[in-house]
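K.L.:
Got a sequence here, can you build the structure:
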Amino acid sequence: MATGVLDYESDAIVQLMNIAEEDWTEQELKDALQRAIMLELSTIPPYATALWSILNRDDSEPVFHGIKEIIFDEMSHFGLVCNMLTSIGGTVTLTDPLTVPKFPGELPGGVNPGLEVFLSGLSRESAALFADIEKPEHPLAFALDGNTIGAFYQRIADVFPKFADLIHDRNQVTFRLGSGHGAGNDIIPMTTLPAILHAIEIIKAQGEGTAASPENPFPGKPGELAHYYAFKEIAEGHRLVFNEATQKFEFTGDPVPLPDNSPVGRVPRGGWANDPDNAPDQATADLLHTFNQHYSDMLHALEEAWSKPSGQGGGFVGTAIGLMGDMRDAAQQINVLKLPANPRFTYGPEWLFVTA
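P.N.:
Next comes the predicted model:
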């Protein structure tokens with residue numbers, strides 16, 4: 001049974017979370033995994049737009065390095081969940097206009113309701129948004145919060161054993177990212193229940209940390225923080241440290257300066273052509289289209305990767321990563337172009353899916 005097309009802007013995840021675990025069906029598990037794929041995909045445009053606005057692109061710049069590693073984490077999470085879906089007979093859907101991310105807008109499925117995700121350059125405000133996207137149910141430095149991505153993944157983990165007999169070696173992609181980006185980052189086959197449950201723990205811990213520590217337990221480098229805390233440091237402007245006096249983690253450590261970056265303005269819904277005051281000239285429109293075409297080609301390559309028999313999709317993932325490099329190059333050309341109505345800011349990539 002193939003997974004049907006799912007609307008990015010519905011509240012389907014909230015609906016799934018309201019169904020008792022024992023009442024989930026095979027189709028609901030497949031829909032949940034497709035939703036998780038869409039969640040992972042939805043984080044890459046805002047994170048990458050901020051990353052590509054940074055002018056010093058040297059890995060020695062800690063904020064640049066940290067955001068880059070988080071994006072690689074999200075890419076591996078995406079791949080692992082795609083393998084989970086195809087292992088139970090589902091079909092990865094990425095190129096239907098209904099499924100692609102919409103910005104500005106809420107996260108897919110109704111996760112973190114009320115949180116508007118936007119595309120812009122790096123700032124304290126955009127870093128705070130990214131922290132809110134990754135926020136755990138029980139942050140070590142904050143009070144209890146509500147409906148989170150981690151809670152959704154935990155529900156998938158709780159339900160999966162009921163459908164363990166569906167798991168087979170179908171359309172599995174293997175792609176090694178761990179050597180350069182951390183032990184948890186290899187995209188590996190999800191052909192057993194223990195492998196699936198372990199991968200979900202990696203996804204949750206890399207995003208949220210654990211109940212005892214804000215550190216990523218599957219880091220590229222020792223001491224690397226989980227995504228939520230890494231973004232929160234940028235937003236707060238200070239390192240997270242443990243205060244022995246209060247016995248709490250607090251953002252009161254050394255300063256975290258923002259690196260110099262292009263002042264990319266917030267991209268309007270549907271792209272810059274929808275902003276009459278900043279409608280692009282032809283040359284700018286062509287650059288924006290080039291980026292959007294590379295993005296669309298990347299989604300097609302990834303969808304193709306998970307349509308192939310096991311072991312035959314890795315080349316398409318490599319193609320997708322190459323297209324991300326092309327997207328970066330186009331974004332950096334776009335990011336230097338000043339907005340006509342407000343030249344303190346620049347254009348930024350639109351991340352629009354091109355259907356033809």
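K.L.:
Who are the contact partners of the residue nearest to the spatial centre of the chain?
P.N.:
Of all residues in the chain, the one closest to the mean position by CA atoms, centre = their mean is Thr43, 2.8 Å from it. Listed by CB atoms under 8 Å, 6 or more residues apart in numbering, the contact set of Thr43 reads Glu74, Phe130, Ile133. C-beta here means a position set from N, CA and C on the backbone, and glycine is covered the same way.
K.L.:
Mind doing that once more with 10 Å?
P.N.:
Thr43 makes contact with 70-71, 73-75, 77-78, 101, 107, 117, 130, 133-134, 149, 207, 227, according to CB atoms under 10 Å, 6 or more residues apart in numbering.
K.L.:
Name the weakest-confidence residue in those, if you would.
P.N.:
pLDDT across the contacts of Thr43 is lowest for Gly207, at 70.
K.L.:
Count the neighbours of that one for me.
P.N.:
Gly207 has 25 neighbouring residues, counting by other CB atoms under 10 Å.
K.L.:
and it, what element?
P.N.:
helix 193-208 (DSSP states H and E).
K.L.:
which parts of that helix are buried?
P.N.:
For helix 193-208, the neighbour count (16 or more other CB atoms under 10 Å) marks 193, 195-196, 198-208 as buried.
K.L.:
Could you do stretch 20-39 as well?
P.N.:
Using 16+ other CB under 10 Å as the test for burial, stretch 20-39 gives 24, 28-39.
K.L.:
Next step: the residues you listed restricted to helices.
P.N.:
Glu28, Leu29, Lys30, Asp31, Ala32, Leu33, Gln34, Arg35, Ala36, Ile37, Met38, Leu39 (DSSP state H).
K.L.:
Is it possible to get TSV of those that adds pLDDT?
P.N.:
Shown next, in TSV, are these (pLDDT from 0 to 100):
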residue	pLDDT
Glu28	95
Leu29	97
Lys30	96
Asp31	95
Ala32	95
Leu33	96
Gln34	95
Arg35	93
Ala36	93
Ile37	95
Met38	94
Leu39	91
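K.L.:
Can you tell me which of these comes closest to Glu303?
P.N.:
When those are compared for distance to Glu303 (CB to CB), Ile37 wins out at 10.3 Å.
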